[in-house]
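# Kindly generate the corresponding structure for this input.
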Amino acid sequence: MTSEDCLLRIDQASCRINRHSHLRVSHFSLRQGEHWCIFGSNGSGKTLLASLIAGKRPESGSYVTYREELKPRRDIVMVSFEEQQRLWQRDNRLDISEYSDRAEDPGTTVHQLLQSGLAAGAAFSDAHESIVEQLDLGKLLHSGIRFLSSGQIRRALIGRALIAAVGETLKLVVLDDPLESIDRESRQQIIDCIEAHRASEGFSSLLLCRRQCDILPGTTHMAFVENLVLTRQGRLADVLVSQYFRDRAGRVPRLPDCLPAAEIPEAPALASSEVIIDLEDIHANYGDKRVLESVTWRMTNSHHTLIDGPNGCGKSTLLSLVCGENHMAYGQKVRLFGKQRGNGETVWDIKSQFGLVSNELHNKYVKGWKALDVVVSGLYDSVGLYDYNFDRDWAVAKKWLACLGLAGSESRLFHELSFGQQRLILLARAMVKSPAVLILDEPCVGLDDYHRQLILGILDLIASQTRTRLIFVSHLAEEWPGCMNQRLEFVSVGESTYSLIQHEL
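So this is what the prediction gives:
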């Protein structure tokens, strides 16, 4: 390609992250029609590099040279978990449901989100409608994005990015792990849709990736980022076969010999046959929409339960009925630890029995909290920290951070850590109180292969060394702990309505 094909170039960039860290890029260039993968582990600097390229860092103007016609704010479109969090937080902040006659406020709908990818005054074309169809977004168009699953929002954001790029050869689409939090069927839809548009539209793309298995077809080049330094780059095939790449992709975590001991006295041990969760003929509606139909589930103290199902099937709704977050549990046959819900217990009584790692909880932690404060807040079932016992609480929190390989991060601000590191901190937050049941709603989202192996290994240790029972939600067959011995499978019983089939593994 000629120099005229170059969309952007970085030369001798050194971007300050904090007092001690800088992102360093000696040289990087992206030409029109190229499809790059920026590859690296959690915290390596991929997202920072993408923000620099997209003109979202104050230093961008000093280090990035763009083709004259390319305007970063207009022509570079990003899909990321950070964007999902920003949209979710914005819609919740602007929620006016309490002032509505029907106590409803859908907020930003999927249709509005997709339209925001168009130029002002532009209308949907056949090509745009094709993207909606390929990503199976038609039935979600009038749904508010804050009521969708993480995977559904992900598809909508990808749709917006591709709609913005239709017919625009100067567009650069930045995709931050687009297959994360996506069910098996939707993964293939997304891969096919992106591949088709990469081949036909002539735009350029930048994929941020933590796992080799998630590198998209059609990727032409790779740049490897390690410890905030762009270390290797070149054509994809050449980088993948290099010894440098193989050494780093093959790292295996060392698990701790034992987990931190419980600081809070545990309740007397339950018999293995003791029923800890008992749901019978449960239903759940959101307005006129029936989500769960005739759900029955019995989990005993001998079970570690895997929950499997497509995006939007009601997995998170089911978990919220169990852990006290959803009022629809009242008046139905929901028994927890032998007691019927609604017999005088408080929400906090229920929460004290459960630890939780979820996308929704992750979204609630905004700027300002230190990592140690986030972990200690798990002892009080609060979002943020407002009261604590210095010595005891800090000691157990530090032990869990060290156990997860995050020793030394206590004073780091939660929002400044990588998404994967934040996920590990939420696991530490869930375990500091030694809960009876640990609910893990897609806990491996945002983690590289090394940290996925670490978190799954830690969960197997929790199952074998503690009294905590696990409930684990996952879309991927290879991505659950070996201790799982019960499976709940969501099956469709009508349009957008699901029931459960219970299996012993």
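# So what does the most centrally placed residue in the chain have for phi and psi?
The chain has residue 445 as the residue nearest its centroid, 4.3 Å off, counting by Cα atoms, centre = their mean. With angles defined as degrees, to the nearest 10, residue 445 sits at phi -60, psi 130.
# thought it was touching residue 357?
No - judged on Cβ atoms under 8 Å, residue 445 makes no contact with residue 357 at a distance of 9.7 Å. Any C-beta I mention is one placed from the backbone N, CA and C, and that applies to glycine too.
# Between the two, which contacts overlap?
Shared contacts of residue 445 and residue 357, defined by Cβ atoms under 8 Å, 6 or more residues apart in numbering, are found at residue 423.
# can you give me the helices for the stretch 351-500 of the chain?
Per DSSP state H, counting those that start in this stretch, the stretch 351-500 of the chain carries helices over the ranges 359-364, 371-377, 390-403, 419-431, 449-465.
# Go through those helices and find the least confident stretch.
Out of those, helix 359-364 stands lowest, with a mean of 79 (criterion: mean pLDDT).
# Would you tell me which of the helices of the stretch 351-500 of the chain gets closest to residue 480?
Shortest distance between residue 480 and the helices of the stretch 351-500 of the chain, using Cβ to Cβ, is found for helix 449-465: 7.2 Å.
# in the closest one, what counts as buried?
449-463 (16 or more other Cβ atoms under 10 Å).
# How many residues are close by the spatially closest residue to residue 474 that is not a sequence neighbour?
Excluding its sequence neighbours, the residue lying closest to residue 474 (Cβ to Cβ, 6 or more residues apart in numbering) is residue 480, at 4.9 Å. Number of residues near residue 480 (other Cβ atoms under 10 Å) recorded here: 23.
# gap between the two ends of stretch 406-414?
12 Å (Cα to Cα, to the nearest Å).
# which residues touch it?
For stretch 406-414, contacts defined as Cβ under 8 Å, 6+ apart pick out 365, 367-374, 397-398, 401, 417, 421-422, 424-425, 428.
# Quick check: the closest residue to residue 465 other than its chain neighbours vs residue 304, distance?
What sits nearest to residue 465 in space, not counting adjacent residues and going by Cβ to Cβ, 6+ apart, is residue 259, at 5.4 Å. According to Cβ to Cβ, to the nearest Å, residue 259 and residue 304 sit 16 Å apart.
# cool, residue 120 as well?
52 Å.
# Which one's more surrounded, the two?
A side-by-side neighbour count of residue 120 and residue 304, using other Cβ under 10 Å, places residue 304 first with 24 against 4.
# Just give the nearest non-adjacent residue to the more buried one, would you?
residue 470 (4.3 Å).
# Surely the one you found and residue 460 touch.
No - Residue 470 is beyond contact range of residue 460, at 9.2 Å (criterion: Cβ under 8 Å).
# Overlap in contacts, these two.
Counting by Cβ under 8 Å, 6+ apart, the residues touching both residue 470 and residue 460 are 481, 483.
# Give me the neighbour count for the closest residue in space to residue 353 that isn't next to it in sequence.
Distance criterion Cβ to Cβ, 6+ apart; nearest residue to residue 353, sequence neighbours excluded, is residue 436 at 4.6 Å. Neighbour count for residue 436, taken as other Cβ under 10 Å: 20.
# related to what we said a few turns ago, please report how far the residue nearest to residue 465 lies from residue 502.
Residue 259 sits 29 Å away from residue 502, going by Cβ to Cβ.
# And the two? Which one has more around it.
More crowded of residue 259 and residue 502, by other Cβ under 10 Å: residue 259, with 19 against 14.
# shaky segments in the stretch 1-150 of the chain?
1-4, 19-20, 94-105 (pLDDT under 70).
# residue contacts, residue 323?
By Cβ under 8 Å, 6+ apart, the contact set of residue 323 is 350, 351, 354, 356, 439.
# ok, it to residue 361 distance?
In this view, residue 323 and residue 361 are 11 Å apart by Cβ to Cβ.
# hang on, the earlier thing: filter the contacts of stretch 406-414 down to the buried ones.
Listed as buried from the contacts of stretch 406-414 are 365, 369-374, 397-398, 401, 417, 421-422, 424-425, 428; burial here means 16+ other Cβ under 10 Å.
# picking up where we left off before, what distance do you get for the residue nearest to the centre of the chain to residue 81?
Look at residue 445 and residue 81: by Cβ to Cβ, they are 8 Å apart.
# now swap in residue 68 and tell me
With Cβ to Cβ as the criterion, residue 68 and residue 81 are 32 Å apart.
# how's this structure carved up into domains?
Annotated domains of the chain cover 3-245, 275-504 [automatic domain parsing].
# Figure out which of those is closest to residue 255.
Residue 255 lies closest, by Cβ to Cβ, to one member of the domains of the chain: domain 275-504, at 4.5 Å.
# End to end on the closest one, go ahead and measure it.
One end of domain 275-504 sits 15 Å from the other (Cα to Cα).
# now stretch 311-320
Terminal residues of stretch 311-320 are spaced 16 Å apart (Cα to Cα).
# Helices along the stretch 1-150 of the chain, start to end?
Secondary structure of the stretch 1-150 of the chain (DSSP H, counting those that start in this stretch): helices located at 46-53, 60-63, 72-75, 81-93, 110-115, 126-134, 150-165.
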